[in-house]
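Visitor: I'd like to go over a predicted model; first the sequence, then the structure.
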Amino acid sequence: MRPFLTKSPDAVEAVLGGIIASSRHPLEQVPGHLALLHRGNPSRRVRILVGGGSGHEPLFLGAVGPGMADAAIAGQVFAAPNPMSVQAAIEACTAPSPRSSVAPEGSLLIYGNYSGDVLNFGFAADEIRQAGGRIDEVRVHDDIASRPPAELEKRRGIAGDIFVIKTTCAAADRGLPFDDVLRIARKACLATRSLGVALGAASSIDTGKPMFDLPAGQIEIGMGLHGEMGVKRSAFEPAATLVPHMLEMILADYAATGSRPARVAAMVNGLGSTTILELLAVSARLREALGTQGVAVSFLRTGQFATSLDMAGFSITLMALDSELEPLLDAPCSSFCYSNPA
C-alpha cells in the first residue's frame, strides 16, 4: 500500500479532524488530547466512553454521537490510548453541562480486551475512583479464535465492540441507573461472538510493508485486528463454503457455553481493503447459512465498522438477542461509525 498519510501521529490527528468535519452533530476535541466529546445525550445518568488504538476506523473515534458514546479516546496506530487522555475525557464528560437534564452518577468505559488498553484505561479509572468518582469498565471479548470457551473473558475484542457499545448507550439513554447500565453492558458482551478471516496482511503506515506474512492463495481464519495469529491457515475458500464454515464455528462456541441463540443480530465487517461487492456477497451467504441452521435474523448490518488499516478480509459478528437486548440494539443512533434511523 502507498498511503496518503506517511506518519502515524499525523494520521491520528487527521482522523480526529476528519470525524469532526464530517459529523452531522456537534463534536469537540478534548483540549490537548486525542479524544472527542459529544454533549447531546442529555437524559443519561451514566456517561459512556469508548476507546482503543487507531487504525481501526471508523471505530473508535467515529462511535461518538447521539445514541452512541459520549466520548472516545484514541491511541496511536495499534497502540492503547494515553491514560492521561482517558482521564481528561472522563472529567470532561462528567463536568456539569447546561445540556444535561440529570446529573451523572458516573462513567462506564468500554474497550477491547487488550493488555495495553486494560492497563491504561484501568490506570485512569483508578485515578477517578481515588478522586471520589464512580466508574467501571467493560472489556469486550467477542473474538472466539483468541481463547477457548472456558476462558471466554480472556478473549480479545474485535468488531463485536460495535454491538456492545450500541446496546449499552441505548440503556443509558433510557435514564437507567448505573448498576442497570453496567449489567446490560456485561450481558451484551457475553451475548456477542465474532470470528475474522484474512487473505492479505495490513500494511504499515510508516513503512508501507506488510505487517505479517500470509502466502498467496492461503487464508487465515481467526486473524486478530492487529494481525494476531488465527486458529487455522488453509487454502483459499470462496464465500459459498467459507461463510457456512465460519458460522458453524461461532454457533459451536455458543453451544459450548450453553447459549446457542434462536435469534440474532448479525454484522459483516470489512477489515480494510475488502470490497463492498465482496462484503455483500458474504452477507447473502451468511443470511442463507443462518436460515439453514434455524437461527432467526433480526437484522444484518454490512460495511466497514472495525478495520485493520488495509487488511484484506472480513469478520462475522453475532449477538444473541432477547426481549431486553433487541430493542436496545435497534434504538435510534447517529455516528460516523454506526447509525440506526429513527
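Guide: Now that the structure is in, tell me what you want to look at.

Visitor: strands along the stretch 151-300 of the chain, start to end?
Guide: Using DSSP state E, counting those that start in this stretch, the strands found in the stretch 151-300 of the chain span residues 192-200, 218-221, 232-235, 263-270, 296-303.

Visitor: pick the most deeply packed of those.
Guide: strand 192-200 (a mean of 26; mean count of other C-beta atoms under 10 Å). For glycine as for every other residue, the C-beta is placed from the backbone atoms N, C-alpha and C.

Visitor: let me see the mean pLDDT of that one.
Guide: Per-residue pLDDT over strand 192-200 has a mean of 94.

Visitor: so which elements touch it?
Guide: strand 218-221, helix 239-256, strand 312-320 (3 or more C-beta pairs under 8 Å, 6 or more residues apart in numbering; DSSP states H and E).

Visitor: quick check: Q76 vs A202, distance?
Guide: Distance, Q76 to A202, using C-beta to C-beta, to the nearest Å: 15 Å.

Visitor: more crowded one of the two?
Guide: A202 (27 against 17; other C-beta atoms under 10 Å).

Visitor: got a list of what that one touches?
Guide: Going by C-beta atoms under 8 Å, 6 or more residues apart in numbering, A202 touches 55, 210-211, 227, 271-272, 308-311.

Visitor: CSV please, covering the strands of the stretch 151-300 of the chain and showing distance to M249.
Guide: Below are the strands of the stretch 151-300 of the chain laid out as CSV (distance: least, C-beta to C-beta, whole Å):
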stretch, distance to M249
strand 192-200, 6
strand 218-221, 8
strand 232-235, 9
strand 263-270, 14
strand 296-303, 18
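
Visitor: out of the ones you listed, which comes closest to G122?
Guide: Nearest to G122 among the strands of the stretch 151-300 of the chain is strand 192-200 (21.6 Å), distances taken as C-beta to C-beta.

Visitor: and the closest one, how far out from the chain middle?
Guide: Relative to its chain's centre, strand 192-200 lies at 13 Å (C-alpha atoms, centre = their mean, to the nearest Å).

Visitor: tell me, how many residues neighbour R183?
Guide: Residues near R183, counting by other C-beta under 10 Å: 13.

Visitor: show the pLDDT at it.
Guide: For R183, the predicted pLDDT is 98.

Visitor: and P26, by the same measure?
Guide: P26 is given a pLDDT of 95.

Visitor: what helix or strand is it on?
Guide: P26 is part of no helix or strand when elements are defined by DSSP states H and E.

Visitor: list the contacts for it?
Guide: Here P26 is in contact with 38-40 (criterion: C-beta under 8 Å, 6+ apart).

Visitor: show me which of these are buried.
Guide: Buried positions within these, assessed by neighbour count (16 or more other C-beta atoms under 10 Å), are 38-39.

Visitor: turn the contacts of P26 into CSV, columns for pLDDT, distance to A255 and secondary structure.
Guide: Formatted as CSV, those follow (pLDDT from 0 to 100; distance: C-beta to C-beta, whole Å; DSSP: H, G, I helix; E, B strand; the rest coil):
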residue, pLDDT, distance to A255, secondary structure
H38, 97, 39, coil
R39, 94, 43, coil
G40, 93, 41, coil
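
Visitor: of the contacts of P26, which is the nearest to D253?
Guide: H38 (34.4 Å).

Visitor: and that closest one, how far from A92?
Guide: From H38 across to A92, the span is 11 Å (C-beta to C-beta).

Visitor: list residues touching both of those two?
Guide: Counting by C-beta under 8 Å, 6+ apart, the residues touching both H38 and A92 are A71.

Visitor: state the distance from the most centrally placed residue in the chain to D143.
Guide: The C-alpha lying nearest the average C-alpha coordinate of the chain belongs to D161 (C-alpha atoms, centre = their mean; 2.7 Å). Distance of D161 to D143, computed by C-beta to C-beta: 10 Å.

Visitor: can you check R183 too?
Guide: 23 Å.

Visitor: now P42
Guide: Taken as C-beta to C-beta, the span from P42 to D143 is 35 Å.

Visitor: these two: who's more crowded?
Guide: Taking other C-beta under 10 Å, P42 and D143 do not tie; D143 has more neighbours (27 against 14).

Visitor: the host helix or strand of V15 packs against which elements?
Guide: Element membership of V15, judged by DSSP H and E, is helix 8-22. If you count contacts as 3+ C-beta pairs under 8 Å, 6+ apart, helix 8-22 packs onto strand 28-29, strand 35-37, strand 46-54, strand 71-77.

Visitor: name the surrounding residues that touch stretch 148-158.
Guide: So stretch 148-158 is in contact with 111-114, 139-144, 146-147, 190, 194, 196, 224-225, 228, 253, 256-257, 306, 315, 317, going by C-beta under 8 Å, 6+ apart.

Visitor: chain center to it, what's the gap?
Guide: For stretch 148-158, the distance to the chain centre is 15 Å (C-alpha atoms, centre = their mean).

Visitor: so which elements touch the lowest-mean-pLDDT helix or strand in the chain?
Guide: When the helices and strands of the chain are scored by mean pLDDT, DSSP states H and E, strand 232-235 comes last with a mean of 82. Applying 3+ C-beta pairs under 8 Å, 6+ apart, we find strand 232-235 packed against strand 218-221.
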